[in-house]
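Chemist: Compute the structure for the input listed below.
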Amino acid sequence: MNKPIKISDSQIIMTELVLPHHTNQLGNLLGGQLMHWIDICAALSAAKHSRRVCVTASVDNIDFHHPIKLGNAVTLVACINRVFNTSMEVGVEVFTRSLKEGTNIHSNTAFLTFVAVDDDENPVKIAEAYPETEDEKRRHEEALARRQYRLKNRSKSN
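Modeler: This is a model prediction of the structure:
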């Protein structure tokens, strides 16, 4: 069995600049582009924790709190919230910095589930992730509640 790994060891920070080809007619970042960046950042966090290729199994939700404008810098911070067996929940927080105004706001939050796979693309067991800070402990517990909700709803749809 793999030795547990600190949650903080899975953190990935990624920054992107919103360019014209990332925006809609209003000069706002396309939601699909942001989802793409979120998926990449979360996959890197999952891979960092598991030391495996990880595939996206589900996206629970992505909340869009504020529009992100052309020319803004977007920083994504991803970290494992909890490991289950072969899957893990990754939380991603998105921060938007207006380089003109010098403001920085929390603009989005997302929760994704990834599965670690071996070279034959079969799911593999993942080392536990242990929380140290109060925030990590809160996110760890909330991840379990979200998983239970997902599994409950999955059984209803089958």
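Chemist: any idea which element the nearest residue to Asp60 once chain neighbours are set aside lies in?
Modeler: Sequence neighbours aside, Phe111 is the residue nearest to Asp60 in space, at 4.1 Å (criterion: CB to CB, 6 or more residues apart in numbering). To be clear about C-beta, it is placed using only N, CA and C from the backbone, and glycine gets the same treatment. Per DSSP states H and E, Phe111 falls inside strand 103-117.
Chemist: can you give me the helices for this structure?
Modeler: For the chain, applying DSSP state H gives helices covering 31-50, 134-157.
Chemist: Check those for me and report the most buried one.
Modeler: Most buried of these, by mean neighbour count (mean count of other CB atoms under 10 Å): helix 31-50, with a mean of 20.
Chemist: if I pick the closest residue to Val55 other than its chain neighbours, what's in contact with it?
Modeler: Residue nearest to Val55 in three dimensions, not counting chain neighbours: Val115, with 5.5 Å by CB to CB, 6+ apart. Val115 makes contacts with Cys54, Val55, Ala57, Thr86, Ser87, Pro123, as judged by CB atoms under 8 Å, 6 or more residues apart in numbering.
Chemist: List just the nearest of these to Arg154.
Modeler: Nearest to Arg154 among the contacts of Val115, counting by CB to CB, is Ala57 at 11.2 Å.
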